[in-house]
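*Asks:* The following block contains a protein sequence and its predicted model.
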Amino acid sequence: MKKRLSALGFGFLYPISYAVLQFLTAFVAVFAYTVLHINSVTQEELTAFTVNISLPMVMVSAALLIFGTAGIYRLCKRSFWRETRLTVKPRLVGKLLLGGIGLNVLTIALMRIIPLPAAETANYEGLMQTLMGGGLLLALPIVWFVAPVAEEIVFRGLSYTALRRGLPVWLSVLLSAMLFGAVHFNWIQSTYATLLGVALALCFHWSGSLWAPILLHVSYNSSGNLVGNLLIGAETPLFLIIVWGVLGAALAVWCLFEVYWERSCETGAVSQELYHKDASPAE
């Protein structure tokens, strides 16, 4: 029981710390800006500043958590980078990139097929515009590359690994995915982020490498504009959207199967390990 409680505690600690640091760094930045311009700042300027720093502050908070944790590991004479398994498996690179595209196609298809409340859709679109408010030259590198790396270290390298120390794989996958979805603070984004989190956690577990979910995440984030503008646009017929959704799901499943199959061939792992509490995530 003590081992399970410890796993739950540390598994939740990292995502919660990540979310708290986002608020704190944004608060400090806005407070400093207000103090420096106390006699001239307007509400419109303050709002614009908040929008412009939203993505950078997310990355600052992730960096603080990652390097802070690495420092604690060092004091405890443990290797943070070894335990988060930042290793490369070149054979999977192409498959993971295709799998990320497939997941993105499936996500956008579902958002087009499932009717969403107009108010929630407007809030979601407003959030996406806010995230890009600092300009594409700043936003795209962060969304496409920096965020996937930081989030995978936090949610798979730290949180999932902590959960696995006391919980079975299936529960660790589910909890880490739900935590990943929760920090997106918008129910539409949180829903598909939770589903994405399941795929990323399984990818991490089966590959034994943090680079696998990083590549899958990079591909997912960076293919959004391509999918939205070329494959599933506003005028795309429903039948074609369904076809693209099925193809995207098939591509994602194929990718995850290839990751699992390669590990199975290397270790002799079997599918029942998902229900085995003592299976190591990087056997």
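*Replies:* Looks like it came in fine. Since the structure is predicted, the reported quantities are computational estimates derived from the model, not experimental observations. Numbers count the residues shown, from 1 in each chain.

*Asks:* if I look at Trp211, how far off is Ile153?
*Replies:* 11 Å (CB to CB, to the nearest Å). The C-beta positions use only the backbone N, C-alpha and C, and glycine is treated the same way.

*Asks:* higher neighbour count, those two?
*Replies:* Ile153 (25 against 21; other CB atoms under 10 Å).

*Asks:* right, and the more buried one touches Leu210 too?
*Replies:* Yes. Between Ile153 and Leu210 a contact is recorded at 6.9 Å, counting by CB atoms under 8 Å.

*Asks:* in what helix or strand does the closest residue to Ser61 other than its chain neighbours lie?
*Replies:* In this structure, Ser61 finds its nearest non-sequential neighbour in Leu21, 3.5 Å apart by CB to CB, 6 or more residues apart in numbering. Assigned by DSSP states H and E, Leu21 falls within helix 2-36.

*Asks:* now for that helix, which elements pack on it?
*Replies:* Packing partners of helix 2-36 (3 or more CB pairs under 8 Å, 6 or more residues apart in numbering; DSSP states H and E): helix 43-75, helix 161-164, helix 169-182.

*Asks:* Of these, give the one that comes closest to Ser6.
*Replies:* Comparison of the helices and strands packed on helix 2-36 against Ser6 by CB to CB identifies helix 161-164 as nearest, at 8.3 Å.

*Asks:* Which elements pack onto that closest one?
*Replies:* Counting by 3+ CB pairs under 8 Å, 6+ apart, helix 161-164 packs on helix 2-36, helix 169-182.

*Asks:* could you redo these as TSV and give each row mean neighbour count, distance to Leu216 and mean pLDDT?
*Replies:* Shown next, in TSV, are the helices and strands packed on helix 161-164 (neighbours: other CB atoms under 10 Å; distance: least, CB to CB, whole Å; pLDDT from 0 to 100):
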stretch	mean neighbour count	distance to Leu216	mean pLDDT
helix 2-36	15	19	88
helix 169-182	21	13	94
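
*Asks:* Take the ones you listed and lay them out in TSV including distance to Gly197.
*Replies:* Output for those, formatted as TSV (distance: least, CB to CB, whole Å):
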stretch	distance to Gly197
helix 2-36	10
helix 169-182	3
